[in-house]
Structure formats: C-alpha cells, structure tokens
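**Student:** Below: sequence and its predicted model.
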Amino acid sequence: MKKIAVYCGASTGNDPVYQKATLKLGGYLANHDLELVYGGGGVGLMGLLANEVLNAGGKVHGVMPKELVARGAAFSKLTDLKVVENMALRKQTMLSLADACLALPGGPGTLEEIIEAFSWARLGDNPNPCVFYNVQGYYDPLKAMFDEMTAKDFLTVTDRKKLLFSDSLTEIFDFMAAYVPPEIRTYSKAGR
C-alpha cells in the first residue's frame, strides 16, 4: 500500500476535533511513507490535510475538475495536480491512483465519493478497501444505516465486513493491510 485516497470537506466543521483528527491523519500518512491522493483543494479539511502531509515531508497528489481549477480552488503547493474534465473522472482517477479509500468527516460530496468507492468494490471495479474515519462518532448514523441494510438483506454480512467505521488509525491501517476485495457476485439470467 503506497497511496491513500482521502475524501474530505472543503469546510473544517464546527468542532476542532475534526481538524485535530485531520492533522493526526496527515502526520500518520507522511510518517508511514503513504502518499495522499485527494481532491486538490486548499481550503477546509482538504487544505489542512494536504498542508500537514507536505509539512511532514510527504507527497500529495491532487485530482480536480477543470471547472474548480478555473474558480481558483486548486492548492498550489501540491506534489502534482491532475486536472480532469469533470467530477466523474475525478472520482475514477482518484480510485485508479490509490490503494485504499478513507473518508474524513465531510459533507454530501465526501459521503457520495466514499459510498461510490464501496459500491464499485462490490461490483469488482474497485479493489481498494473503504473506511470511514469515524471521528467522535461522526459517522455513527451511517454505520447504523449499513447495519440496517444488512439486517434487511440489502447488503450481505460478508460484504458489510468489508467496510470499516473506526476512530483508530491503527485499526484503520491494519484493516487496509489485511483487506481482501469482496467476491464478485454472479447472476442467473433474469426471469428464468
């Protein structure tokens, strides 16, 4: 494992605990020679994380759609920045560059990106582990939703175990190191 895709907000949230966890993650990545792949922005938790990795001597790879670059959202200090046509290509490019996916607390975009990465893992289009960095229980309601999906047979127990919610970086990176992608489902022909 060399590169970690981190999904996070362009806001910092209203509790310093999110900023503290972001800085901790940035230091962890740099200290373990893990390169950051992220959305390329310089504000909010995105900027905080990128700065921390760079300040600790790590490498940061940004991926940003051209419309956001045109609006001035790109962070200038990155190791490199890939400019892509749109958000769909951004997500696909981040997955192709990374060996694992991690979501810090964030808003709808953060949630959408990590959920898509997990959904693609179940389809066989993403071999990377997906993890929610569950800082101070931020993602507990979502964790409960995934447990409900499993209880109602919309998600298998086996696949539910492929998605981690944790506030421990040790547990998170142990999970990533031991991860085996889900077995790809096969289907009989519909209606037969």
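**Tutor:** That came in fine, so what should we check first?
**Student:** Please make it C-alpha for all contacts and neighbour counts, starting now.
**Tutor:** Will do.
**Student:** which residues of this structure fall in helices?
**Tutor:** 16-31, 44-55, 66-70, 87-97, 108-123, 140-151, 157-160, 169-178 (DSSP state H).
**Student:** Tell me which other helices or strands the helix or strand of the chain with the lowest mean pLDDT touches.
**Tutor:** Lowest on mean pLDDT, DSSP states H and E among the helices and strands of the chain sits helix 66-70, with a mean of 92. Packing partners of helix 66-70 (3 or more CA pairs under 8 Å, 6 or more residues apart in numbering; DSSP states H and E): strand 80-84.
**Student:** separation between residue 70 and residue 85?
**Tutor:** 12 Å (CA to CA, to the nearest Å).
**Student:** Ignore what I typed, I meant residue 140.
**Tutor:** 34 Å.
**Student:** do the same with residue 94
**Tutor:** Taken as CA to CA, the span from residue 94 to residue 85 is 13 Å.
**Student:** So for those two, which residue has more residues nearby?
**Tutor:** Ranked by neighbour count (other CA atoms under 10 Å), residue 94 and residue 85 place residue 94 first, with 27 against 11.
**Student:** The more buried one contacts residue 38, doesn't it?
**Tutor:** Yes. Assessed by CA atoms under 8 Å, residue 94 is found in contact with residue 38 at 7.0 Å.
**Student:** Quickly list what's touching both of these two.
**Tutor:** By CA atoms under 8 Å, 6 or more residues apart in numbering, residue 94 and residue 38 have these common neighbours: 5, 63.
**Student:** just to revisit the earlier point, in a markdown table: the helices of the chain, plus distance to residue 134.
**Tutor:** Formatted as a markdown table, the helices of the chain follow (distance: least, CA to CA, whole Å):
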| stretch | distance to residue 134 |
| --- | --- |
| helix 16-31 | 10 |
| helix 44-55 | 15 |
| helix 66-70 | 28 |
| helix 87-97 | 21 |
| helix 108-123 | 12 |
| helix 140-151 | 7 |
| helix 157-160 | 16 |
| helix 169-178 | 10 |
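**Student:** Comparing the ones you listed, which comes out most buried?
**Tutor:** helix 44-55 (a mean of 22; mean count of other CA atoms under 10 Å).
**Student:** Output it as CSV, nothing but the C-alphas.
**Tutor:** Included here for helix 44-55 are C-alpha records, laid out as CSV according to Å, rounded to 0.1, in the frame of the first residue of the first chain:
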residue,chain,number,x,y,z
GLY,A,44,-11.2,23.3,4.8
LEU,A,45,-10.1,19.8,5.9
MET,A,46,-8.7,19.3,2.4
GLY,A,47,-6.2,22.1,2.7
LEU,A,48,-5.4,21.2,6.3
LEU,A,49,-4.6,17.6,5.4
ALA,A,50,-2.6,18.4,2.3
ASN,A,51,-0.5,21.0,4.2
GLU,A,52,0.2,18.6,7.1
VAL,A,53,1.3,15.8,4.8
LEU,A,54,3.6,18.2,2.8
ASN,A,55,5.0,19.9,6.0
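**Student:** quick check: angle from it to helix 16-31?
**Tutor:** 30 degrees (axes from the mean of the first three to the mean of the last three CA atoms, to 10 degrees).
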